[in-house]
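K.L.:
I would like to see how this sequence folds:
(2 chains)
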Amino acid sequence: MPTPPKESVPLTRDAEVLAALLAEMGVSHVVTLPDNTSAPLLEAISLRTDLRLLQGTREGEVISLATGLWLGGCSPVVIIQNTGLLEAGDGLRGTASRMGAPLLMFVTCRGYAKARALGSEPGDVEVTRDVLVRSDLDSVAHMTESTLRAWGVPFLFLRDPTDLDTVREAWKRAHEEERPVALLLDTSFTQGARDHGLG
Amino acid sequence: MLTKDELLEPLARARTDEVVVTCMGITRPWGRISNHDLDFASADSAMGHTADLALGIALAQPERRVICLNGDGSMLMTLGTLVTIVGAEARNLVLFVLENGAYEITGNQPVPGASGVDFPGLARAAGFPRVYDLAFPRDFEAVLPNILHSEGPVFVGVQMERGSEGPISRSEREEARYLQTSLAEWSRTFRKAILSPTS
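P.N.:
Here you go, the predicted model:
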C-alpha cells in the first residue's frame, strides 16, 4: 500500500526549544494524537533522535500506553487535545491515576480563543444548556478545567511555549506527587525564539 | 475449545523471565499457578486497556518478552490497539485474545458479535506478521515454543470455554498475590522487578 505524502508542518523555533527541554528533563517517549496546535511541537520532537514519538488511535489508549511505558521503567509524556482528554476518562482513571504514575500530560486547549473573543474566560463559565448548544462557543473549553478538578488531576497553564520553568514545575510535581499532572497548552507554536528573547 | 487450565498450565511451564499481563476472567486462574513479580493484573484498572498497557511495557523493555492475556470483550473496547501495536513495531509482544464470546466477570453476557468475529482475521488485516488461530489443546502445546520465541508482534486467538469467575477485588481475601495489594503498590513491585538486573 502506498504511503500517503506527509503534509508540511511548519517547524517553529519555540517548538524546537520545548522539544529540547523534554529531552533535557529525561523524557524518553512522547505518546500522542496530533491536533493543529501540537503539530509544530510534534514535528520538532520527530526530528530528535533522543525522543521517541508514538502515536495512538484514541486518547485513552495513548494514556494507557504511556502508563505501560512507565511500568516498564521509562519516562513518557502525553500530548493530546482537550476533546481527547474527555474521551480518555476511564483510561486515565484506571491506569495512570490508579497506579500513581508520574505522567505529565500536555493538553491543548480547543475553544479557548473562541470563548475569549466573546469576552469570557472558559473556566469561569457555568456549563448550562446554552453553553452546550451555542454554535459560537466550543463547549469543550468550558468543561476542561472542571473535568480535571473532578478527576483529581492537578493542572497548570502554559501560556507561552518558551516558559520552560512552568514545564519543569509540572514535570517535578508529577514526580514528587506520583500522579498525572496536566499542562494546559493555552498557546500556539507560532513564534520564533527571538521573539521571546531566546535563541 | 480450551479450558483455562489447558491454556495456562503449559504457558506457566514454558514461562521463564517473560512479563505476563492478565485481564478479567483469566486473572485469578493465572495468579493461582504463578507467583512472579513480573506478573501484572490489569484488574481494578481501566476497562479495555490491557493490550495497550502491555504494549507500553513491551516498548519500554524491548529485550524482554511481554505476554498479554486479553479477553475478547476487552479487545473489542480498543480494537485500534491492534493497529497501534503493529505501527509501533513491538517485536517482543505476544497478544493473546481469549475468545469465550462473553463478559465472564459480569455474568457471561454475550459480547457484541459473539461467535461471529474473526479476531485472527482482524489481526492479519491490522498487519500482524504472525497470527495463530487455535481451538485445541494439542495444537496450542505444539506451537507454544514458536509463539514464545518468534519475532513479533505475535497474535494468538484462542477459542476458550466459558468460565464462571466473579468480580475481582484487590484485597487480602484474594488467593493470587498480585491481587492482594493495591494497583499502585503492585505497580511499584513490578517496576522494581523489571528494572532489577537479576530478574
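K.L.:
now the strands for the chain?
P.N.:
By default, I'm working from chain A. A:29-32, A:52-55, A:76-81, A:104-108, A:155-158, A:181-185 (DSSP state E).
K.L.:
I was thinking of chain B, sorry if that wasn't clear
P.N.:
So, for chain B - with DSSP E - the strands run B:19-23, B:39-42, B:66-71, B:93-99, B:102-103, B:109-110, B:130-134, B:154-159.
K.L.:
enumerate the residues of chain B near chain A.
P.N.:
B:40, B:44-47, B:49, B:52-61, B:78, B:80-81, B:83-84, B:87-88, B:183-184, B:187-188, B:190-191, B:194-195 (Cβ under 8 Å from any Cβ of the partner chain). Glycine gets a C-beta too; all of them are placed from N, C-alpha and C.
K.L.:
ok, 7 Å please
P.N.:
Counting by Cβ under 7 Å from any Cβ of the partner chain, chain B comes close to chain A at B:45-47, B:49, B:52-57, B:59-61, B:78, B:80-81, B:83-84, B:87-88, B:183-184, B:187, B:190-191, B:194-195.
K.L.:
filter those to the buried ones?
P.N.:
B:45-47, B:49, B:52-57, B:59-61, B:78, B:81, B:83-84, B:88, B:183, B:187, B:190-191, B:194 (16 or more other Cβ atoms under 10 Å in any protein chain shown).
K.L.:
please name the nearest non-neighbouring residue to the residue of chain B found nearest chain A.
P.N.:
Closest residue of chain B to chain A, Cβ to the nearest Cβ: residue B:56 (2.0 Å). Of all residues not flanking residue B:56 in the chain, residue A:68 sits nearest, at 2.0 Å (Cβ to Cβ, 6 or more residues apart in numbering or on different chains).
K.L.:
check residue B:112 too.
P.N.:
Nearest residue to residue B:112, sequence neighbours excluded (Cβ to Cβ, 6+ apart): residue B:76, at 6.5 Å.
K.L.:
spit out the contact partners of residue B:85.
P.N.:
With contact set as Cβ atoms under 7 Å, 6 or more residues apart in numbering or on different chains, residue B:85 has these partners: B:55, B:93, B:95, B:153.
K.L.:
on that earlier part again, confirm for me that the residue nearest to residue B:112 is in contact with residue B:111.
P.N.:
Yes. Using Cβ atoms under 7 Å, residue B:76 is in contact with residue B:111, at 6.0 Å.
K.L.:
the more surrounded of those two?
P.N.:
residue B:111 (21 against 16; other Cβ atoms under 10 Å in any protein chain shown).
K.L.:
mind checking how far the nearest residue to that one once chain neighbours are set aside is from residue B:114?
P.N.:
Nearest non-adjacent residue to residue B:111, counting by Cβ to Cβ, 6+ apart: residue B:73, 4.5 Å away. With distances taken as Cβ to Cβ, to the nearest Å, residue B:73 is found 9 Å from residue B:114.
K.L.:
who has more neighbours, the two?
P.N.:
Using other Cβ under 10 Å as the criterion, residue B:73 and residue B:114 rank with residue B:73 on top: 27 against 15.
K.L.:
I'd say the more buried one and residue B:103 touch.
P.N.:
Yes. Using Cβ under 7 Å, residue B:73 is in contact with residue B:103, at 4.8 Å.
K.L.:
quick one: the helices in chain B?
P.N.:
B:4-14, B:27-33, B:51-60, B:72-77, B:80-87, B:119-126, B:137-149, B:183-195 (DSSP state H).
K.L.:
switch those over to CSV; also include mean pLDDT.
P.N.:
Formatted as CSV, the helices of chain B follow (pLDDT from 0 to 100):
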stretch, mean pLDDT
helix B:4-14, 98
helix B:27-33, 96
helix B:51-60, 98
helix B:72-77, 96
helix B:80-87, 98
helix B:119-126, 98
helix B:137-149, 97
helix B:183-195, 98
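K.L.:
what does chain A put close to chain B?
P.N.:
A:54-58, A:60-61, A:64-69, A:71-74, A:90-91, A:93-95, A:98-100.
K.L.:
from those, which land in helices?
P.N.:
Using DSSP H, those in helices are A:60-61, A:64-69, A:71, A:90-91, A:98-99.
K.L.:
residues contacting the closest residue to chain B within chain A?
P.N.:
Closest residue of chain A to chain B, Cβ to the nearest Cβ: residue A:68 (2.0 Å). Taking Cβ under 7 Å, 6+ apart as the criterion, residue A:68 is in contact with B:52-57.
K.L.:
most centrally placed residue in chain B?
P.N.:
Closest to where the C-alpha atoms of chain B average out (Cα atoms, centre = their mean) is residue B:69, at 1.1 Å.
K.L.:
what residues sit buried inside stretch A:79-95?
P.N.:
A:79-85, A:87-95.
K.L.:
end to end, how far does stretch B:192-199 reach?
P.N.:
9 Å (Cα to Cα, to the nearest Å).
K.L.:
if we can go back for a sec, roughly how far apart are the residue nearest to residue B:112 and residue B:109?
P.N.:
Residue B:76 is 13 Å from residue B:109, by Cβ to Cβ.
K.L.:
just give me the neighbour total for residue A:133.
P.N.:
9.
K.L.:
OK, contacts around it?
P.N.:
Contacts of residue A:133 by Cβ under 7 Å, 6+ apart: none found.
K.L.:
can you tell me the centre-most residue of chain A?
P.N.:
residue A:106 (2.0 Å).
K.L.:
what separates the closest residue to it other than its chain neighbours from residue A:85, distance-wise?
P.N.:
Nearest residue to residue A:106 in three dimensions, chain neighbours excluded: residue A:79, at 4.4 Å (Cβ to Cβ, 6+ apart). Separation of residue A:79 from residue A:85 (Cβ to Cβ) stands at 11 Å.
K.L.:
give me the buried positions along stretch A:110-123.
P.N.:
A:110-112, A:115, A:122-123.
K.L.:
mind listing residues that contact that stretch?
P.N.:
Stretch A:110-123 is contacted by residues A:81-83, A:125, A:136-138, A:140-142, A:145, A:186 when judged by Cβ under 7 Å, 6+ apart.
K.L.:
circling back to that earlier point, who touches both of residue B:73 and residue B:103?
P.N.:
With Cβ under 7 Å, 6+ apart, residue B:73 and residue B:103 have common neighbours residue B:111.
K.L.:
that's all I had, so thanks and see you.
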